[in-house]
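> model this:
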Amino acid sequence: MDMKKHLEVINACRFCFMCRHLSGVGNVTFRESDTPRVRAVLLDQVLMDPAKLANVDLLETLYNSDLSAACRYHCVKHFDENGLVLAARADVVKAGLAPADVQKVAADYLARPASPTISGKGDLLYFIDYTSAATPEIAKAFAKIMKKAGIEYCTAEKGCLGKALQVLGYTKEAKAAAKQFAEALNATKVKSIVVSSPAAYDALVNDFPAFGIRLKAKVMHSSEYLCSLKLSYSKKTAALYYLESDFLKNYNDNYRFPRELLAQMGAQCLPFGTNNEESYTCGEGALVLPQLRPVLVEKLAHYVEERADHPEKDLLVTASPYTRKQLTTHTKLKVVTLEELAAKLL
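From the prediction side, this is the model:
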């Protein structure tokens, strides 16, 4: 079992309550089974009796996780409970125990062409994944910025990075998709790849190397690339609240460029919520939570809305197309991405 690689995590987390408040799903279901400690307890029981891996309640708990990695990032010893859950999901799939809804979502991604559709020309490639494509305003804002900067670029749309498959536990299939995706991008011979999706960024800079897959181009989140342009922002913005991305903060060492870009814009960022450790992404780390647990995603969105000082007028900015989509779908909050804000202030 892949879980056996995380014995240290199980032994540490099953006795610890310290990060309970950082479990986004646990905060809206109020169930102990949706906290890191109890997940570790349940998986410890599976290692003692592998037959328990088929327990339907355990499977529900595993796929309920928001995978924000906030617990890992803020743990004093950084025990990888997030990795434990992903390993457990991989064990579930290998054992042929994936629930029907998980199989359905996986089948959808497996049916998608792994190679993206590429158009245009230039040394820079802008990748628009499915999540970003669901909010076309983001790509339009990026295009406006690039036109203003006088930069020619090509685009890659959709395709399958393998990230969603990996999150679901389909590791072998994820690697195969990632390999095809990388071959398509390497064939373009571009020098830089820019993505708006933090999930795509994490896949390209972390998952691909872990799979032994090499991209020839430099990969940047859009915030890093826009920072490098050193644009002049002639307009001012009202005070705003920046919602951190799980993938950029908790998976990638508190990636600094979103905050640097906001500073370049002259934005005054106010603290959001009750602390700066919680995840307010609506399950960004779980990626396919809207397909698997739409009710949970709606609850997570309302959890964010309830923490806004003035929900009817506060401006929330995010680096994540996923978070923007879920918050604007389930709440009345005013949410824009960094690209949209930058385009507006030029």
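> tell me the SS of residue 186?
Of the three states, residue 186 takes helix according to DSSP: H, G, I helix; E, B strand; the rest coil.
> quick one: pLDDT of the nearest residue to it once chain neighbours are set aside?
The spatially closest residue to residue 186, leaving aside those adjacent along the chain, is residue 216, at 5.2 Å (CB to CB, 6 or more residues apart in numbering). For the C-beta atoms, the positions are set from N, CA and C on the backbone; glycine is no exception. In this model, residue 216 is scored at 96, pLDDT.
> Then residue 57?
Each residue has a pLDDT score; the one for residue 57 is 96.
> Tell me the spatial nearest neighbour of it, not counting adjacent residues.
Nearest to residue 57 is residue 33, by CB to CB, 6+ apart, at 7.3 Å.
> swap in residue 194?
Distances taken as CB to CB, 6+ apart place residue 225 nearest to residue 194, at 4.6 Å, with adjacent residues excluded.
> Residue 182 versus that neighbour, what's the distance?
Residue 225 sits at a distance of 20 Å from residue 182 (criterion: CB to CB, to the nearest Å).
> Of the two, give the one with the bigger neighbour count.
Regarding residue 225 and residue 182, a neighbour count based on other CB atoms under 10 Å identifies residue 225 as having more, with 24 against 21.
> Need the three-state assignment for that one.
Once three-state DSSP is applied, residue 225 turns out helix.
> Starting from residue 17, give me the distance back to it.
Distance of residue 225 to residue 17, computed by CB to CB: 41 Å.
> same check, this time on residue 52
Counting by CB to CB, the separation of residue 52 from residue 17 is 23 Å.
> Who has more neighbours out of those two?
Each of residue 52 and residue 17 has its neighbours counted (other CB under 10 Å); residue 52 has more, 14 against 10.
> Double-check that one against residue 61; I have them as touching.
No: using CB atoms under 8 Å, residue 52 makes no contact with residue 61, being 11.8 Å away.
> tell me, what's touching the two both at once?
Residues touching both residue 52 and residue 61 (CB atoms under 8 Å, 6 or more residues apart in numbering): residue 42.
> which residues touch the residue nearest to residue 57?
Contacts for residue 33 (CB under 8 Å, 6+ apart) come out as 39, 42, 57, 61, 64.
> again with residue 85
39, 62, 65, 67.
> And the strand or helix carrying it, what's buried?
Element membership of residue 85 [criterion: DSSP states H and E] is helix 81-94. By 16 or more other CB atoms under 10 Å, the buried positions in helix 81-94 come out as 81-93.
> Could you report the distance from residue 24 to residue 340?
The gap separating residue 24 from residue 340 is 25 Å, by CB to CB.
> Comparing those two, which shows the higher neighbour count?
Using other CB under 10 Å as the criterion, residue 24 and residue 340 rank with residue 24 on top: 31 against 21.
> The nearest residue to the more buried one once chain neighbours are set aside: neighbouring residues, count only.
Nearest residue to residue 24 in three dimensions, chain neighbours excluded: residue 66, at 4.3 Å (CB to CB, 6+ apart). Neighbour count of residue 66, defined by other CB under 10 Å: 29.
> Give me the contact list for stretch 127-138.
For stretch 127-138, the external contacting residues (CB under 8 Å, 6+ apart) are 116, 139, 155-159, 161, 185, 193-197, 199-200, 321-322, 324-325, 337, 339-340.
> end to end, how far does it reach?
One end of stretch 127-138 sits 12 Å from the other (CA to CA, to the nearest Å).
> who touches the residue nearest to residue 24 in this structure?
Residues near residue 66 by CB under 8 Å, 6+ apart: 23-25, 279, 281, 283, 285-286, 289, 296, 300.
> Mind doing that once more with 7 Å?
Contacts for residue 66 (CB atoms under 7 Å, 6 or more residues apart in numbering) come out as 24-25, 279, 283, 285-286, 289.
> pLDDT, distance to residue 73 and secondary structure for the residues you listed - can I get that in CSV?
Below are these laid out as CSV (pLDDT from 0 to 100; distance: CB to CB, whole Å; DSSP: H, G, I helix; E, B strand; the rest coil):
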residue, pLDDT, distance to residue 73, secondary structure
24, 95, 13, helix
25, 97, 17, helix
279, 97, 10, coil
283, 98, 16, coil
285, 98, 11, helix
286, 98, 16, helix
289, 98, 19, helix
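> In the stretch 201-346 of the chain, mark out all the helices, start to finish.
According to DSSP state H, counting those that start in this stretch, the stretch 201-346 of the chain carries its helices in the segments 208-210, 222-229, 246-249, 257-264, 289-292, 294-306, 321-330, 338-345.
> Out of those, which one sits most buried?
Among the helices of the stretch 201-346 of the chain, ranked by average contacts under mean count of other CB atoms under 10 Å, first place goes to helix 246-249 (a mean of 27).
> which outside residues touch that one?
For helix 246-249, the external contacting residues (CB under 7 Å, 6+ apart) are 68-69, 73, 198-199, 201-202, 221, 255, 258, 279, 281, 284-285, 319.
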